[in-house]
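Q: Have a look at this prediction, sequence included:
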Amino acid sequence: MTSNPDWLDEIDRELSRLREAEARLYYDADCGAALDAKALSEIARQRHAILTDPSLTREADALARDDAPATRRKAQLLTLNALAARLDDDETLAALRLELDRTQRSMGREMRTTDGLRRYLGATEKCARESIRIANAIARREGFEGYPSAKLACQELSPGGLMRTLADAHVAFASECRSAIAGIDAGAMTEGQLDRAVTAAQTPDGDGFPTDGKVAAVRTTLALAGFDFDRLPIKTEERELPYPGAVHTLKIGADMRIVIDGNKGGFTSYALLFHEVGHAVYYAYCPDSTLLLDNRIGREGLAEMWARLVETQEWLRTIARLNEGAICELLDRQRRFHGYMMMTFVRDALFELAVYREPDADFAAIWRRVTADCLGVDDTTGTYTQFIFLYPMDIKDYVYAHLIGESVLADLAGRFEGSVLRDGVVEFLGERYYRQGNAAPWHERIPAFSRARQ
């Protein structure tokens with residue numbers, strides 16, 4: 001290897017090739033093929049070999065002092081990608097997380113009951129604690145206090161910035177959360193049971209969201225916002241899926257496939273589709289560079305803006321054609337629902353930070369404490385979330401994503417005189433938020449998050 005921008009671009013192209021190959025495999029699976037686990041494993045092996053090459057950090061550090069700002073930034077991002085690979089690709093740690101995933105899959109139905117969830121947590125507790133200890137040890141070898149601070153560094157965030165964001169969300173959403181829970185015997189429910197109860201109580205009713213009208217709603221929305229959907233390199237396909245939908249980026253800027261479950265209608269399915277549309281539009285504009293893609297938080301937040309769009313009075317009146325009474329009822333329910341979901345994300349994030357600080361502590365006791373603080377609920381089930389052990393340090397991303405979505409939507413409304421369905425909106429999004437990708441971190445491009453990494 002030599003310290004020159006050409007080497008950096010070659011690394012970027014190879015990472016992009018692997019990303020595209022991976023996307024093709026998942027797309028084929030959504031189209032009915034068997035998911036090729038062997039091919040996915042080989043892609044992961046090749047990516048790991050690139051990012052953990054001992055000479056990579058030295059070469060990237062040299063390029064981080066290059067005169068060209070674009071080269072310096074890509075070198076910095078490559079270093080962060082390499083750190084993430086060293087943190088999460090340890091063989092022993094990967095085996096523990098795989099065991100947790102296998103146990104969840106085998107006990108999935110059973111976990112919907114309180115007793116079943118207790119059995120799952122009992123069966124996986126030793127594995128979960130060991131995965132925390134190993135992750136912390138790896139992070140300390142890298143010079144960090146523990147795994148959370150190391151993972152945040154990979155995303156150019158800090159523990160202090162995260163705690164401020166969680167505290168701000170607590171103030172903003174706690175009241176609506178308690179309204180959503182009112183009348184539900186929440187203390188006797190596991191996390192999943194309470195989620196289902198609140199979702200059932202707050203899901204909007206009414207017409208305006210037919211199963212066969214989702215794609216037409218996307219076309220009309222984009223047309224009003226100044227863009228012909230057919231000019232974008234995006235295809236929408238309906239399949240029978242076990243989840244609402246996904247975007248498969250076969251080639252950034254050239255070939256994005258939105259695959260949606262064609263059997264679902266209702267407001268929630270529209271919001272989920274528009275979230276996926278947000279991902280696809282981002283990939284239509286962003287740089288064709290894996291290194292310059294926004295990190296997961298940035299991408300999810302920019303996509304979530306499109307889901308928030310369908311909750312504006314303008315969209316509900318113009319596209320869904322709801323009357324004023326129906327609009328007010330839907331938005332009231334959505335405020336309560338978002339309040340509840342945001343406070344559960346805050347609660348789960350605080351729980352995760354606590355168990356990484358105290359891997360030998362009583363997990364159920366920590367969970368009971370943070371649930372009382374965040375939801376105002378005394379959880380007497382003796383259970384706790386299993387998500388954080390399967391997807392470490394990902395739950396906080398949903399807090400950021402919602403806040404980013406709201407911030408970008410407010411920016412649009414301010415710049416376009418209160419309307420987000422007018423000519424120029426899509427092009428403005430492309431220029432302001434998409435085209436440069438991660439050449440500047442998302443929290444520098446969105447003023448509401450200028451404190452995010454401090």
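A: Done, it's in.

Q: Using PDB, write out the CA atom coordinates for the host helix or strand of residue 201.
A: Under the criterion of DSSP states H and E, residue 201 resides in helix 191-202. Backbone C-alpha positions of helix 191-202 (Å, rounded to 0.1, in the frame of the first residue of the first chain) are rendered in PDB as follows:
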ATOM      1  CA  GLU A 191     -42.200  -4.600  26.700                       C
ATOM      2  CA  GLY A 192     -43.600  -6.300  23.700                       C
ATOM      3  CA  GLN A 193     -47.100  -6.700  25.200                       C
ATOM      4  CA  LEU A 194     -47.200  -3.000  26.100                       C
ATOM      5  CA  ASP A 195     -46.000  -2.000  22.600                       C
ATOM      6  CA  ARG A 196     -48.900  -4.100  21.100                       C
ATOM      7  CA  ALA A 197     -51.500  -2.600  23.500                       C
ATOM      8  CA  VAL A 198     -50.400   1.000  22.800                       C
ATOM      9  CA  THR A 199     -50.200   0.400  19.100                       C
ATOM     10  CA  ALA A 200     -53.700  -1.000  19.000                       C
ATOM     11  CA  ALA A 201     -55.100   1.800  21.000                       C
ATOM     12  CA  GLN A 202     -53.400   4.600  19.000                       C
END
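
Q: residue ranges of the strands in the stretch 251-400 of the chain, please?
A: For the stretch 251-400 of the chain, the strands defined by DSSP state E, counting those that start in this stretch cover 255-261.

Q: Point to the residue nearest the middle of this protein.
A: residue 300 (4.6 Å; CA atoms, centre = their mean).

Q: Assess the claim that residue 158 and residue 150 are in contact.
A: No - counting by CB atoms under 8 Å, residue 158 does not reach residue 150; the two are 11.4 Å apart. For the C-beta atoms, the positions are set from N, CA and C on the backbone; glycine is no exception.

Q: what about the two, which has more around it?
A: Legend: neighbour count by other CB atoms under 10 Å for residue 158 and residue 150, higher for residue 150 (24 against 16).

Q: And that one, what's its pLDDT?
A: Per-residue pLDDT puts residue 150 at 98.

Q: SS state for it?
A: What DSSP: H, G, I helix; E, B strand; the rest coil gives for residue 150 is helix.

Q: That one touches residue 144, doesn't it?
A: Yes - between residue 150 and residue 144 a contact is recorded at 3.9 Å, counting by CB under 8 Å.

Q: helices or strands next to the helix holding residue 201 in the packing?
A: Contact here means 3 or more CB pairs under 8 Å, 6 or more residues apart in numbering; DSSP states H and E; on that basis helix 191-202 packs against helix 159-181, helix 324-357.

Q: any chance of those in a markdown table, with distance to residue 20 too?
A: Converted to a markdown table, the helices and strands packed on helix 191-202 look like this (distance: least, CB to CB, whole Å):
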| stretch | distance to residue 20 |
| --- | --- |
| helix 159-181 | 32 |
| helix 324-357 | 31 |
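
Q: closest one to residue 126 among those?
A: For residue 126, the closest of the helices and strands packed on helix 191-202 is helix 324-357, at 13.8 Å, according to CB to CB.

Q: still on that earlier bit, of the helices and strands packed on helix 191-202, which stretch is the most buried?
A: helix 324-357 (a mean of 20; mean count of other CB atoms under 10 Å).

Q: Could you tell me the phi and psi values at residue 361?
A: Dihedral pair for residue 361: phi -70, psi 170, per degrees, to the nearest 10.

Q: Look up how far residue 351 lies from it.
A: 11 Å (CB to CB, to the nearest Å).

Q: what does residue 69 give?
A: 40 Å.

Q: dump the residue contacts of the residue nearest to the centre of the chain.
A: When contacts are counted by CB atoms under 8 Å, 6 or more residues apart in numbering, residue 300 touches 397-398, 400-401, 404.

Q: Below-threshold pLDDT in the stretch 101-250 of the chain: ranges please.
A: 205-207, 242 (pLDDT under 70).

Q: Helices of that one, residue ranges please.
A: Ranges of helices in the stretch 101-250 of the chain, per DSSP state H, counting those that start in this stretch, are 114-141, 147-154, 159-181, 191-202, 214-224.

Q: if you compare the ones you listed, which one is most tucked away?
A: Highest mean neighbour count among these (mean count of other CB under 10 Å): helix 147-154, with a mean of 22.

Q: count of residues packed around the nearest residue to residue 65 once chain neighbours are set aside?
A: Once flanking residues are discounted, residue 65 sits nearest to residue 72: 7.3 Å by CB to CB, 6 or more residues apart in numbering. Burial of residue 72 is recorded as 14 neighbouring residues (other CB under 10 Å).

Q: which strands and helices sit next to the one helix or strand residue 72 maps to?
A: Element membership of residue 72, judged by DSSP H and E, is helix 69-88. Counting contacts by 3+ CB pairs under 8 Å, 6+ apart, helix 69-88 packs against helix 5-30, helix 37-51, helix 54-63, helix 114-141, helix 147-154.

Q: circling back: buried among the contacts of residue 300? Make that a ChimeraX selection.
A: Here is the ChimeraX command that selects the buried residues among the contacts of residue 300 (16 or more other CB atoms under 10 Å):
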select :397,398,400,401,404
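
Q: which of the contacts of residue 300 lies closest to residue 208?
A: Of those, the one sitting nearest to residue 208 (CB to CB) turns out to be residue 401, at 25.3 Å.

Q: Wait, the closest one touches residue 307, no?
A: No - look at residue 401 against residue 307 with CB under 8 Å: they stay out of range, at 9.3 Å.

Q: So what's the residue count around residue 41?
A: Here the number of neighbours of residue 41 (other CB under 10 Å) works out to 10.

Q: quick one, domains of this protein?
A: Following automatic domain parsing, the chain resolves into domains at 5-89, 159-206+322-420+433-449, 211-318.

Q: and the end-to-end length of the second one?
A: Between the opening and closing residues of domain 159-206+322-420+433-449 there is a gap of 14 Å (CA to CA, to the nearest Å).

Q: And the contacts of residue 300, which is closest to residue 391?
A: residue 397 (9.2 Å).

Q: That closest one against residue 296, yeah?
A: Yes - counting by CB under 8 Å, residue 296 is a contact partner of residue 397 at 5.8 Å.

Q: who's in contact with residue 319?
A: So residue 319 contacts 217, 220-221, 310, 421 (CB under 8 Å, 6+ apart).

Q: do residue 392 as well
A: 88, 97, 131, 135, 147, 151, 352.

Q: Could you dump those residues into a markdown table and include distance to residue 243?
A: As requested, these are arranged in a markdown table below (distance: CB to CB, whole Å):
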| residue | distance to residue 243 |
| --- | --- |
| 88 | 23 |
| 97 | 21 |
| 131 | 25 |
| 135 | 27 |
| 147 | 28 |
| 151 | 25 |
| 352 | 23 |
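
Q: and residue 418, how far is that from residue 409?
A: For residue 418, the distance to residue 409 - CB to CB - is 11 Å.

Q: Equivalent analysis for residue 15, please.
A: Counting by CB to CB - residue 15 and residue 409 are separated by 32 Å.
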